[in-house]
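> Show me the folded form of this:
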Amino acid sequence: MSLVPILAVGANIAMYVSQLSIIGLLRRASKAQTSLPLLPSLASFLNSILWLKYGFIKHDQAISLVNSLGTLIALYILGCFWWYDSQARRTVETRCLLTFVCAIGLIGYVDYAEDEGAKDVFGLVCCGVTLLFLGAPLGQIGNVVRLRDASVLLPGVAVLAFSNNVLWGLYGHMHQDVFMVVPNVIGGVLCAVQLGLIAKYGRAAAKLPPVAVVGGSIPMTQL
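Numbers count the residues shown, from 1 in each chain. From the prediction side, this is the model:
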């Protein structure tokens, strides 16, 4: 048996578990009456549940296993957003509801569509959501370049994500699955860009007192 699927599953589980670090940030943000962006966690949930369905469609135990865990972790994190961010609770509820409706609609589409091409469309949607999830940290590129400081990008997470993309890209290649190869190749490039920015600009603000902020709200040392 190839080690690639085992390593890919391990890397993916490590990525999902690493997201739990946001719980501590939510607690601190709640005390400081600031907020953290919800979009990455919503993208993580949508990414996990759609790939879970894709794993069921393909009867692939590796994909189903990691994304079952990913879906549960994402739901827990979204619950923590609702619990700790009381000021934006209505916004959290609305965005979560819209995301759940979107997920149910897409899953229902592939379940009940009579056209076999529906599975290909669903695969394309999975690719798009994965790229949204992986590309979310790059929304900070403007601040990184302007401030010449990459403290908002986490090198450990970027390395883990890069390894995860490479392994799942290889896994997709082994199964000749273009819907797995394409997003992981692009995701690997996005992670390489993050690592390049970290290497070029460093993490100067990570050494400063927690009064330094990005966008006037979230301490850079907490990102």
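> in terms of contact, does residue 169 touch residue 181 like I think?
Yes. Here residue 169 reaches residue 181: they are 5.6 Å apart, a contact under CB atoms under 8 Å. C-beta coordinates here come from the backbone N, C-alpha and C atoms, glycine included.
> and residue 149, how many neighbours?
Using other CB atoms under 10 Å, residue 149 has 21 neighbouring residues.
> Let me fix that, I meant to ask about residue 82.
Count around residue 82 with other CB under 10 Å applied: 17.
> Where does it sit, in terms of helix or strand?
helix 61-84 (DSSP states H and E).
> starting at the chain centroid, how far to that helix?
Remark: helix 61-84 is offset 11 Å from the chain centroid, using CA atoms, centre = their mean, to the nearest Å.
> Tell me what angle whichever helix or strand comes after it forms with helix 61-84.
On the C-terminal side of helix 61-84, the closest following helix or strand by DSSP H and E is helix 89-112. Angle of helix 89-112 versus helix 61-84, following axes from the mean of the first three to the mean of the last three CA atoms, to 10 degrees, is 160 degrees.
> Give me the contacts around helix 89-112.
For helix 89-112, contacts defined as CB atoms under 8 Å, 6 or more residues apart in numbering pick out 38, 42, 45-46, 49-50, 53, 57, 78, 81-82, 85, 118-119, 121-122, 125.
> and it, what's its mean pLDDT?
Averaging pLDDT along helix 89-112 yields 84.
> If you count contacts, what does the helix holding residue 82 end up packed against?
Here helix 61-84 touches helix 3-18, helix 22-31, helix 39-58, helix 89-112, going by 3 or more CB pairs under 8 Å, 6 or more residues apart in numbering; DSSP states H and E.
> which among the contacts of helix 89-112 end up buried?
38, 42, 45-46, 49-50, 53, 57, 78, 81-82, 85, 122, 125 (16 or more other CB atoms under 10 Å).
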